[in-house]
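Colleague: Got a sequence here, can you model it:
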Amino acid sequence: MGKQAPGRETLAGVLPETLVGSPRASGCRLRGAVANYLGAAIVSGQFAPGERLTGEIANAEALGVSRSAYREAVQVLTAKALVVSWPKDGTRVLPRSEWNLFDPMLLSWAFASEPDVTFVQDLFEQRRVVEPAVARLAAERRSEAELVTMLRALAAMRARAH
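Modeller: Numbering: from 1, shown residues only. Next up is the predicted model:
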């Protein structure tokens, strides 16, 4: 990835050997491996908001993958609002306020190692905003059969608690 910050691993050093340089490696698997590495690095804070990822050519070469596989991985991250790409400016990490903290892949990247405290606080802040409204809508829209099922489940939990 060009010049590296001290202690930052190269991309090729973290991808499974079976994907890097393998003649049988599918573009989908390569794209996924690259997207997973970059997504985890962004979510963990290895790449700060506003930081530019090294160029497509340099990163693809460092990974031993095609430029198209690298480009497709960046498209995955763009769709998840982790990065934005601009001609002549490159690919930059977006601020956390742009991310969908409930995205399953983003959550798996965040919790693959010790999650950043701010990430967890942001996640719970969003839950405090969203979950009461979801619970209200579920209560308003529940059917009689669903209510009976919930009451039975509650009774079973109470019986086990005593």
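Colleague: what's the spacing between Val148 and Arg71?
Modeller: 53 Å (Cβ to Cβ, to the nearest Å). In this view, the C-beta of every residue, glycine as well, is placed from N, C-alpha and C.
Colleague: which one of those two has more residues nearby?
Modeller: Using other Cβ atoms under 10 Å as the criterion, Val148 and Arg71 rank with Arg71 on top: 17 against 10.
Colleague: Phi and psi next, for the most centrally placed residue in the chain.
Modeller: Closest residue to the average C-alpha location of the chain: Leu106 at 2.0 Å, with Cα atoms, centre = their mean. The phi/psi pair for Leu106 (degrees, to the nearest 10) reads phi -60, psi -40.
Colleague: give the contact list for it.
Modeller: Applying Cβ atoms under 8 Å, 6 or more residues apart in numbering, we find Leu106 in contact with Gly39, Val43, Lys80, Leu82, Trp99, Asn100.
Colleague: Pull the contacting residues for the first one.
Modeller: Under the criterion of Cβ under 8 Å, 6+ apart, the contact partners of Gly39 comprise Val76, Leu77, Lys80, Leu82, Met105, Leu106, Trp109.
Colleague: Closest to Ala138 out of the residues you listed?
Modeller: Ala138 lies nearest to Leu106 out of those, by Cβ to Cβ, at 24.4 Å.
Colleague: got a pLDDT number for the closest residue to Val83 other than its chain neighbours?
Modeller: Among residues not flanking Val83 along the chain, Leu77 sits closest, at 4.7 Å (Cβ to Cβ, 6 or more residues apart in numbering). With respect to pLDDT, Leu77 has a value of 96.
Colleague: do the same with the one 5 residues further on
Modeller: The confidence metric pLDDT takes the value 96 at Leu82.
Colleague: Run a quick neighbour tally on the closest residue to it other than its chain neighbours.
Modeller: Spatial nearest neighbour of Leu82, excluding adjacent residues (Cβ to Cβ, 6+ apart): Ile42 at 5.1 Å. Residues within reach of Ile42, counting by other Cβ under 10 Å, total 24.
Colleague: Could you double-check that Ile42 sits in contact with Thr78?
Modeller: No. Between Ile42 and Thr78 there is no contact under Cβ atoms under 8 Å: 11.6 Å.
Colleague: Would you tell me what the next helix or strand after the longest helix along the chain is?
Modeller: Counting residues, the longest helix found in the chain (DSSP state H) is helix 117-141. The helix or strand immediately downstream of helix 117-141 is helix 144-161, counting by DSSP states H and E.
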